[in-house]
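>>> Need a 3D model of the sequence below.
(chains A, B, C and D)
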There are 2 protein chains.
Amino acid sequence: MLTKRNYSPEELTALLQEHGINPTGQRLEIARLLFARAEHLSADDVFVLVNKTVTKVSKATVYNTLGLFAEHGLIRAVIADPNKVFYDPNTAAHYHFYDVASGRLTDIDADGVRISGLPPPPDDARMEGVDVIIRLRRGDRPVH
Amino acid sequence: MLTKRNYSPEELTALLQEHGINPTGQRLEIARLLFARAEHLSADDVFVLVNKTVTKVSKATVYNTLGLFAEHGLIRAVIADPNKVFYDPNTAAHYHFYDVASGRLTDIDADGVRISGLPPPPDDARMEGVDVIIRLRRGDRPVH
DNA sequence: CTTAATGCAAAGGCTTTGCAGAGAC
DNA sequence: GTCTCTGCAAAGCCTTTGCATTAAG
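Reported below is the predicted structural model:
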């Protein structure tokens, strides 16, 4: 369940700062866009969308910014498609459907889902997150 | 739990045929290697390993073959690392630890793990598989 | 003035594709 | 001879990097 939200410029600025991110013009614009859409966007999606607005942002900055946001926990990177990374403004625990044919990601609310019996992480390692991706294929025909 | 297994040439041939795959020399060699190692190998890993044997296989053929195997359910593609696809000779239900720093995948036996409360797939879609990837980070320091 | 952020273009890594040559039947 | 597979090289796509320019304080 993505929380679609139109933050005011002040709220956005505060949000970035809370995450230790220096709120520059481009970063604010990218963040605004991500939270307003609340979809799963690829870097290129963001690049296209942000450049439809007044603010112009280069591809390098889009990549750097998305990486920065993910690193600081403002958004989350979703590895589901071998060809590209999706960025998800929803950092609450939730899972994903992934439509193999269309490459579309859909949220699965974590409420009601219970995963039990997972072994503890080995040694000195720390669990950073649990990704659950359910691959879907449309149509009636079995794969083979 | 990967099932390490040294198939005889006849068994391998039969295995491929059971999956509707024409058992050519290169394909047999790649399959042999995958099942004997029973690790999570990238296409390039396979390329390097197979060319240490007598049989020489081009990169294109390695990619095509791995794609073919995965398509026919002989092996399984694991999308965990944004940079490359891993191929897993274990097609039984199981999950993965993924060490973010080293890029290493480790198996989690599905026995004992229970996932409940997942919503049904939408519409006409069919569940093709459930991928569970637990991201690990080594060291004591929290991310931020 | 000093430090950080941005843009541009080039480079990089993984994977796919086009097409010619080799192999199987 | 026909159909399939293989190899090579080139192309493609997503992403990162190097470096000069610009903005911020």
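
>>> near DNA strand C, which residues of chain A?
By CB under 7 Å from any atom of the strand, the residues of chain A that approach DNA strand C are A:22, A:24-27, A:56-61, A:64-65, A:82. Any C-beta I mention is one placed from the backbone N, CA and C, and that applies to glycine too.

>>> Is DNA strand D within reach of the strand or helix carrying residue A:67?
Using DSSP states H and E, residue A:67 sits in helix A:59-71. Yes: interface with DNA strand D: helix A:59-71 contributes A:59, A:60, A:63, A:64, A:67 (CB under 7 Å from any atom of the strand).

>>> Determine which two of the residues you listed are furthest apart.
Farthest-apart pair in the residues of helix A:59-71 next to DNA strand D is A:59 and A:67; separation 12.6 Å (CB to CB).

>>> sorry, back to before: just give me how far the helix holding residue A:67 sits from the chain centre.
Relative to its parent chain, helix A:59-71 has a centroid offset of 12 Å by CA atoms, centre = their mean, to the nearest Å.

>>> Then stretch A:69-83?
Centroid separation between stretch A:69-83 and its chain, computed with CA atoms, centre = their mean, is 5 Å.

>>> Tell me the bridge partners for residue A:107.
Here residue A:107 sits in beta bridges with residue A:96, going by DSSP bridges.

>>> Got phi/psi on the nearest residue to residue A:92 once chain neighbours are set aside?
Nearest residue to residue A:92, sequence neighbours excluded (CB to CB, 6 or more residues apart in numbering or on different chains): residue A:110, at 7.2 Å. Dihedral pair for residue A:110: phi -70, psi -20, per degrees, to the nearest 10.

>>> Residue A:110: neighbour count?
16 (other CB atoms under 10 Å in any protein chain shown).

>>> And it, how far from residue A:69?
According to CB to CB, to the nearest Å, residue A:110 stands 21 Å off from residue A:69.

>>> Please apply the same query to residue A:58.
The gap separating residue A:58 from residue A:69 is 16 Å, by CB to CB.

>>> okay, those two: which has more neighbours?
Ranked by neighbour count (other CB under 10 Å), residue A:58 and residue A:69 place residue A:69 first, with 22 against 11.
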